[in-house]
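[1] Kindly return the folded structure for what I paste below:
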Amino acid sequence: MLFYINYLYLMILKAFIILLLAFLTYIGLNFYFILGINKPIPLLSNNECTRFGINSKGPEDITYFNDDYLITASSNMVEIWYHFGDQANINSGDIILIPSNGKDDLIFLSKENIPSNYKLHAHGIYVKGNLLYILNHGYKFGGERADIFLIDITNKKAIYQKSFIFPNELYGITNDLIAINDDDFFVTSWSQFIHDNTGPNKIKHLIGIFIQGALRIKMTYVYHCSFSSGTCTKIKNTAGIMNNGITWNHNESNPVVYVVETMKKVKEYKIIKVDNQYQFILTKSFDTVH
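    Residues are numbered from 1 along each chain as shown. Model (predicted):
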């Protein structure tokens, strides 16, 4: 009897070791492919690039504004996320026009009419006409919100219009956005762990990276938000490992949305509206690394 118990114990131990090795191999391969260790880095000639020295910290996004300018918004989030600095002493970021000819000077826009208790820590941005939408991790200074600015190029001003204050389920974790009309916009989330007004929890942040990078569990989504209702609704069919950038085809009668995951995947969705609720239908998905 003892022999059979010992034999069973050894079989269970061997099975556990095999499963553990398989699990560690799975994790290792995930990180190997995500980091692209096997991919050569293409070299670019300086003659093919125009380099801008943007004297402002942490631009997260850039987009087309008009034929003459690109636009970006900067952020001091690194001081909050990784250095846990005193938010009262952390300066707001900038809104910057970048000339498309690559020759003229950058234009730092003055920010007008912003509420006195707001700070600008920009993440994703979006342009609709002369309006600039900015996802803003304001934390103690205005909370998690989407700010809208009217861009006045002639007078070099970004004139604050209004803000959308995100619900607690998206606090600190919004990433990018698109506005498909004057009321409705879609926003991506990049983490499953919300923040509080001090910023991200360091332990939860590391756990989140492990869950996303090693286990590749889909726990982030695209949300439909509405200015008129002041609410955001999770779009169920959009689960992703780490939903990041979002864009669309600018066709309000037949909108198609593209979402990129940090884990090197692009997804294409057709949008339909049923009972005043937006639904995303996945039409295409492909990896950006082969």
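[2] Can you get me a residue count around Val256?
    Taking other C-beta atoms under 10 Å as the neighbour definition, Val256 ends up with a count of 15. (Each C-beta comes from the backbone N, C-alpha and C, glycine too.)
[3] name the helices or strands packed onto the stretch of helix or strand His224 belongs to?
    According to DSSP states H and E, His224 maps onto strand 220-226. Packing contacts for strand 220-226, counted by 3 or more C-beta pairs under 8 Å, 6 or more residues apart in numbering; DSSP states H and E, involve strand 184-189, strand 231-240, strand 243-248, strand 277-287.
[4] so how far is the last one from its chain's centroid?
    Relative to its chain's centre, strand 277-287 lies at 18 Å (C-alpha atoms, centre = their mean, to the nearest Å).
[5] picking up where we left off before, for the helices and strands packed on strand 220-226, could you give me a markdown table that also reports distance to Asn175 and mean neighbour count?
    Listed next are those as a markdown table, based on distance: least, C-beta to C-beta, whole Å; neighbours: other C-beta atoms under 10 Å:
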| stretch | distance to Asn175 | mean neighbour count |
| --- | --- | --- |
| strand 184-189 | 5 | 24 |
| strand 231-240 | 11 | 16 |
| strand 243-248 | 5 | 20 |
| strand 277-287 | 16 | 13 |
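[6] Now for the closest residue to Ile148 other than its chain neighbours: which residues touch it?
    What sits nearest to Ile148 in space, not counting adjacent residues and going by C-beta to C-beta, 6 or more residues apart in numbering, is Gln161, at 4.4 Å. Gln161 makes contact with 131, 148-150, according to C-beta atoms under 8 Å, 6 or more residues apart in numbering.
[7] how about the helix or strand containing Gln161: buried residues?
    Secondary-structure assignment from DSSP H and E places Gln161 in strand 157-165. Of the residues in strand 157-165, those with enough neighbours to count as buried (16 or more other C-beta atoms under 10 Å) are 157-160, 163-164.
[8] which one of these sits closest to Gln87?
    The closest of the buried residues of strand 157-165 to Gln87 turns out to be Ser163 (C-beta to C-beta; 17.7 Å).
[9] shouldn't that closest one be in contact with Phe149?
    No. Between Ser163 and Phe149 there is no contact under C-beta atoms under 8 Å: 10.2 Å.
[10] State the paired neighbours of the strand holding Gln161 in the sheet, together with their directions.
    When pairing is defined by DSSP bridges, strand 157-165 lines up against strand 110-112 (parallel), strand 144-152 (antiparallel).
[11] From Ile80, how far out is Val274?
    For Val274, the distance to Ile80 (C-beta to C-beta, to the nearest Å) stands at 39 Å.
[12] tilt between the strand holding Gln161 and strand 184-189?
    Here the directions of strand 157-165 and strand 184-189 differ by 80 degrees (axes from the mean of the first three to the mean of the last three C-alpha atoms, to 10 degrees).
[13] ok, then the element right after strand 157-165?
    strand 174-179.
[14] and that following strand, what other elements does it pack with?
    Packed against strand 174-179, as judged by 3+ C-beta pairs under 8 Å, 6+ apart, are the following elements: strand 122-128, strand 131-137, strand 144-152, strand 184-189, strand 243-248.
[15] can you list those in JSON lines and add mean pLDDT and distance to Ser100?
    Shown next, in JSON lines, are the helices and strands packed on strand 174-179 (pLDDT from 0 to 100; distance: least, C-beta to C-beta, whole Å):
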{"stretch": "strand 122-128", "mean pLDDT": "95", "distance to Ser100": "14"}
{"stretch": "strand 131-137", "mean pLDDT": "96", "distance to Ser100": "16"}
{"stretch": "strand 144-152", "mean pLDDT": "97", "distance to Ser100": "15"}
{"stretch": "strand 184-189", "mean pLDDT": "96", "distance to Ser100": "26"}
{"stretch": "strand 243-248", "mean pLDDT": "93", "distance to Ser100": "19"}
